[in-house]
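S.K.: please work out how this folds:
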Amino acid sequence: MRHIFIALVIFTAHLFAVDATIEVIKKVEDLPTIELQGANVEPSLTQIDKQFAPLLLSDINVLAHFRVNNEVKNIGYDSIFNTTRNDYTLRYRLRSDNTGRLNCDFKLLNVAGERVFEKSYHLKNNAHYVFLAHAVASDINDFLGMASVEWMKKYVILSRYKGAKKSEIVVADYTLTYQQTVVEGGLDIFPKWASASQNAFYYTHYTDRGPVIYKFDMTTGRKSKILASDGMAICSDVSADGRKMLLTLAPNGQPDVYMYDVVNRTKERITSYTGIDVNANFIDSDKRITFVSDRLGYPNVFAKTLGKRGVEQLVYYGKSNNSCSSYKNYIVYTSRESGHEFEYNTFNLHLISTKSDFIRRLTSSGVNQFPKFSFDGESVIFIKTYRNESSVGVIRLKYNRSFLFPLKGGKIQSLDW
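M.R.: Now for the predicted structure:
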């Protein structure tokens, strides 16, 4: 495995640490090559295998550690290895057990045909074969000692528009191959996971009397009312311990940021401004928040220390910075970069740190909005809109690579990871 790195620009924030926002590295890489081999499957699994193989290839590409041979070879699982020019060979087989449930075996072979890693999986629900592919890729990544990609195995939750005053909440994998509608029958938007375990989420349901925030239990399928408010009611973030929610409420017409205590069922007003304060996120170990405000006459990103007065402007680039997400001291935000307000709007994503003044642009064209960090901060997910169609984008921050996964049917309104 050989890597040649040419550093174009590196500014060190500390003696032995480099700020991710200001490290710009071009990698001239002799990445290891990998080939995928699939064993013959029983007829009942043929259709799943047709979708499983390309999905696994896609996941390996997203890892960004290999140059992937996109031709899948068919071979017996225990066949004698034939020497190839690839550094690695990933061989897998799908099989059913006596209960009809899906099983998967795989082994990773080196260039000499030696088995260096092997694992087997058993699925309780065959419809989850998508997450099986993600698990294989994630486990190979861990075996190689790379930064975790556990987010591959996580659910993405999104709101999909279906028509006038109609939208549904959908649980999906990050490629949108797997999709399950969990809330439908009205205007249901802005889903937000209640905790890292992803066993519940908050969302806003609009009624004739105004918006209501509900909590939906994924285990029981039941929803419970959190609160209602005139004008606007959105949960934008949840604290790491799941006890506090950041809300945007507009009981008197102008939206402000509130903190809601889930245990005591009490709320506290955090911002008090005659204009617009929205989209709050926790930062710095939940001691501070970021939010979007029009205090400068246009949307921009600000920060506030909880329990203290005053706010701090965080972003000095862009004139319409209308959405943001945070991870520790990092913030990714959307900025409109159109030359004129009546031109076709271009929105790009940028990454900044609260500990430096450097800006790293993450996208270069199109309409890229509603960014969200993965739970480990290694990747960013976002919505890309082109010709009125939506895709989920994934940016691998460490590797300067991005991937798009289109939504077939409907338009994504918002999402969470």
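S.K.: work out for me the element Val170 sits within.
M.R.: Assigning secondary structure by DSSP states H and E places Val170 in strand 166-172.
S.K.: who does the following helix or strand past that strand touch, helix- and strand-wise?
M.R.: The helix or strand immediately downstream of strand 166-172 is strand 179-193, counting by DSSP H and E. Using 3 or more CB pairs under 8 Å, 6 or more residues apart in numbering; DSSP states H and E, the elements in contact with strand 179-193 are strand 156-163, strand 166-172, strand 200-207, strand 233-238, strand 411-416. In this view, the C-beta of every residue, glycine as well, is placed from N, C-alpha and C.
S.K.: looking at the ones you listed, which is buried most?
M.R.: Highest mean neighbour count among the helices and strands packed on strand 179-193 (mean count of other CB atoms under 10 Å): strand 233-238, with a mean of 24.
S.K.: distance from that one to the middle of the chain?
M.R.: Here strand 233-238 is found 17 Å from its chain centre; the criterion is CA atoms, centre = their mean, to the nearest Å.
S.K.: name the strands paired with that strand and say parallel or antiparallel.
M.R.: Sheet pairing here is set by DSSP bridges, and for strand 233-238 it gives strand 244-249 (antiparallel).
S.K.: what residues of the strand it pairs with count as buried?
M.R.: For strand 244-249, burial by neighbour count (16 or more other CB atoms under 10 Å) applies to Lys244, Met245, Leu246, Leu247, Thr248, Leu249.
S.K.: show me what the first one bridges to in the sheet.
M.R.: Under the criterion DSSP bridges, Lys244 forms beta bridges with Asp261.
S.K.: check which helix or strand His350 maps to.
M.R.: Using DSSP H and E, His350 falls in strand 347-353.
S.K.: just the CA trace of that strand, in CSV.
M.R.: What follows is strand 347-353, C-alpha atoms only, in CSV (Å, rounded to 0.1, in the frame of the first residue of the first chain):
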residue,chain,number,x,y,z
PHE,A,347,-25.4,27.9,-3.2
ASN,A,348,-22.1,26.4,-2.1
LEU,A,349,-20.9,24.8,1.2
HIS,A,350,-18.0,26.1,3.2
LEU,A,351,-16.2,24.8,6.3
ILE,A,352,-14.8,27.0,9.1
SER,A,353,-13.4,26.5,12.5
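S.K.: i'd like the first residue to be 20 from this point on
M.R.: In the new numbering, first residue 20, that becomes strand 366-372.
S.K.: what about that strand, average pLDDT?
M.R.: Mean pLDDT, strand 366-372: 92.
S.K.: name the helices or strands packed onto it?
M.R.: Packing partners of strand 366-372 (3+ CB pairs under 8 Å, 6+ apart): strand 37-49, strand 349-355, strand 378-380, strand 386-392, strand 398-405.
S.K.: report the distance from that strand to the chain centre.
M.R.: 15 Å.
S.K.: strand 349-355 and that strand, what's the angle between them?
M.R.: Relative orientation of strand 366-372 and strand 349-355, computed by axes from the mean of the first three to the mean of the last three CA atoms, to 10 degrees: 150 degrees.
S.K.: name the residues that touch strand 366-372?
M.R.: Defining contact as CB atoms under 8 Å, 6 or more residues apart in numbering, one finds that strand 366-372 is touched by 32, 38-41, 333-334, 336-337, 341, 348-356, 377-388, 390, 399, 401, 414, 416.
S.K.: just the buried residues of the residues you listed.
M.R.: Those of the contacts of strand 366-372 that meet the buried threshold are 38-41, 333-334, 337, 341, 348-356, 377-379, 381-382, 385-388, 390, 399, 401, 414, 416, by 16+ other CB under 10 Å.
S.K.: output the helices and strands packed on strand 198-212 as a markdown table; include the columns distance to Val320 and mean pLDDT.
M.R.: Below are the helices and strands packed on strand 198-212 laid out as a markdown table (distance: least, CB to CB, whole Å; pLDDT from 0 to 100):
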| stretch | distance to Val320 | mean pLDDT |
| --- | --- | --- |
| strand 175-182 | 23 | 92 |
| strand 185-191 | 27 | 96 |
| strand 219-226 | 22 | 96 |
| strand 252-257 | 13 | 96 |
| strand 430-435 | 18 | 92 |
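S.K.: tabulate those strands (a markdown table), appending distance to Asp161.
M.R.: Compiled in a markdown table, the helices and strands packed on strand 198-212 are given as follows (distance: least, CB to CB, whole Å):
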| stretch | distance to Asp161 |
| --- | --- |
| strand 175-182 | 21 |
| strand 185-191 | 23 |
| strand 219-226 | 27 |
| strand 252-257 | 27 |
| strand 430-435 | 25 |
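S.K.: closest one to Pro62 among those?
M.R.: Each of the helices and strands packed on strand 198-212 has some distance to Pro62 by CB to CB; the shortest is strand 185-191, at 28.5 Å.
S.K.: and the closest one, what does it pack onto?
M.R.: Using 3+ CB pairs under 8 Å, 6+ apart, strand 185-191 is in contact with strand 175-182, strand 198-212.
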